[in-house]
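In: Give me a model of this one.
(one chain, ligands or ions: 1)
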Amino acid sequence: MRKWMRNRALQLFVNCLLVSAILSSMPARSSIPITSHRAPHLAQTFENPQVQSALNWFKSHLNWINDEQARLTEIPAPPFAESQRAEAVKVLLAAVGLDVHIDKTGNVIGELRGVNEKEIVLVAAHMDTVFPAGTDVKVRREKDRMSAPGISDNGTGLISIVAIARALHEARIKPQRTILFVADVGEEGEGNLRGMRALVDTYRDRVKSVVVLDGSGIDHVTTKALASRRIEAVITGPGGHSWSDFGIPNPISALVRASVRFLNTRVPASPRTTFNLGQIEGGTSVNSIPHEARLKVDIRSESEDELFRLESALRECMAAGVRDETESARDRSKGKLEWKVDILGNRPGGELAADSPLLAALRAADEFTRNSSRPERASTDANIPLSLGIDAIAIGAGGNGGGAHSLQEWYEPAGRELGLQRALLTVLGASGLAAEKGKS
Ligand SMILES: [Zn+2]
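Out: Residues are numbered from 1 along each chain as shown. Below is the predicted model of the structure:
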């Protein structure tokens, strides 16, 4: 027994020497431990020659990717009017052999059938922009920079689902689980994630992972869904002439009084809670007492309780603003003010489990591309699956961008292949590869 132990110890010591000698002689990438130790099957998937050829496809087609991104960006996709852009994406996805259809919500869905059709990995990018119809979306190119509203958010994500589908097609890769490449509608603002809601509704029983590509960059991974509410407050009154009816309650005045009260509401820094008075409108002319005033407010919080508290505060402030205005009105004979608060959007919160296979796939893809990314909380299409306990992440699709939601939005594609490779590997890590013929 003792002799065995001594031999065993000696053997372990020799093994250690051997392992460290092998490790130090291997190229840097292979010596990174996470891929091989935590998820050896992923390392095998990533090193597959077909996968390598898919990864290389990006580098040799950067011009095509950039040009198609510009072309898609120049097709307007205002809120609730994404259909023209959807048709263009449909053509691109069909060209790489996917079975493509547009669902009744307006989402473009391209299917890459896996061995296991009962399990689905969804790769999604939103098509809609925040910009109203008529916005100049012409892409200006200066050196390595492309500028246009929507070029990065989400021109980058959108072209990336097409590029990933094409890279897989060119490399003749068959996944284990079916992959659905989706360009979805209604991510921004009052779209209220309706595209993703419909997708999750349709594929609820089969979808195992959702990878959302939104904007540029490779430095983050959204694993926590930021809960938010979009609220509209409306105050109405009798309305009248600025001179002859002076003294009747004025909805705009009431809304201003209510807004000032709401602006004085204290919100905690932790859990981080924010609000924004985003849109205010009403009235008919400068010399009319308006009959209506509207205010749209966006509130967000890391805590559902704080969200609820802030929503209640907004209602109290509206009631108080109307009360203040009514009390100061000299003439209440022509009618009184009415007010209401409507929920325009409700984005539920949620969180990806630390031990989820999808996060393991992303981490392995990060290791493989020698990237490091920080987990983040944000409001994206991933909110919907995360709120229902379905594994989901949102990541940028590479390159650099800025000025999102502004007319000065820009995108620089330098290094974008890394983001595309990282996304492709994450998707394949989640879907798996079909076993090669002749092998088990
Ligand atoms: Zn976006």
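
In: so what pLDDT did Ser440 get?
Out: pLDDT, Ser440: 40.

In: Also Glu190?
Out: Glu190 is given a pLDDT of 85.

In: Identify the residues contacting it.
Out: 79, 230, 344-345 (Cβ atoms under 8 Å, 6 or more residues apart in numbering). Using the backbone N, CA and C atoms, a C-beta is placed for each residue, glycine as well.

In: Let's verify it: helix, strand, or coil?
Out: helix (DSSP: H, G, I helix; E, B strand; the rest coil).

In: That one and the ion, how far apart?
Out: As judged by Cβ to the ion, to the nearest Å, Glu190 and the ion stand 14 Å apart.

In: Arg257 now?
Out: Distance from Arg257 to the ion, by Cβ to the ion: 35 Å.

In: and that residue, how many neighbours?
Out: 21 (other Cβ atoms under 10 Å).

In: Tell me if it really is in a helix.
Out: Yes - when three-state DSSP is applied, Arg257 is found to be in a helix.

In: show me what contacts it?
Out: Arg257 sits in contact with 320-321, 324-325, where contact means Cβ under 8 Å, 6+ apart.

In: Which one (most neighbours) among the residues you listed?
Out: Counting by other Cβ under 10 Å, top hit in the contacts of Arg257: Gly321 with 26 neighbours.

In: Where does it sit: helix, strand or coil?
Out: Reduced to three states by three-state DSSP, Gly321 is helix.

In: what sits against it?
Out: Taking Cβ under 8 Å, 6+ apart, one finds 235, 254-259, 261 in contact with Gly321.

In: Of the residues you listed, which pair is most distant in space?
Out: Of all pairs drawn from the contacts of Gly321, the widest gap by Cβ to Cβ lies between Ile235 and Arg261 and measures 13.3 Å.

In: more crowded one of the two?
Out: Between Ile235 and Arg261, Ile235 has the larger neighbour count (other Cβ under 10 Å), namely 28 against 18.

In: The helix or strand containing that one: how far from the chain's middle?
Out: Assigned by DSSP states H and E, Ile235 belongs to strand 227-236. Here the centre of strand 227-236 is set off from its chain's centre by 22 Å, with Cα atoms, centre = their mean, to the nearest Å.

In: same thing with stretch 69-80?
Out: On Cα atoms, centre = their mean, the centre of stretch 69-80 falls 17 Å from the chain's centre.

In: Would you mind measuring the gap between the ends of that stretch?
Out: 21 Å (Cα to Cα, to the nearest Å).

In: One more: stretch 106-117?
Out: Termini of stretch 106-117 sit 23 Å apart (Cα to Cα).

In: what does stretch 96-112 give?
Out: 10 Å.

In: ok, now stretch 412-421?
Out: 17 Å.

In: Contacts for that stretch, please.
Out: 55, 58-59, 62, 65-66, 69, 144-146, 156, 160, 163-164, 167, 216-218, 365, 369, 371, 395-401.

In: do stretch 242-249 as well
Out: 237-238, 240, 286-289, 322, 325-326, 329-332, 334-337.

In: on that earlier part again, just the buried members of the contacts of stretch 412-421?
Out: Among the contacts of stretch 412-421, those classed as buried by 16 or more other Cβ atoms under 10 Å are 55, 58, 62, 65-66, 69, 145-146, 156, 160, 163-164, 167, 216-218, 365, 369, 371, 395-401.

In: Perfect, I'm done here.
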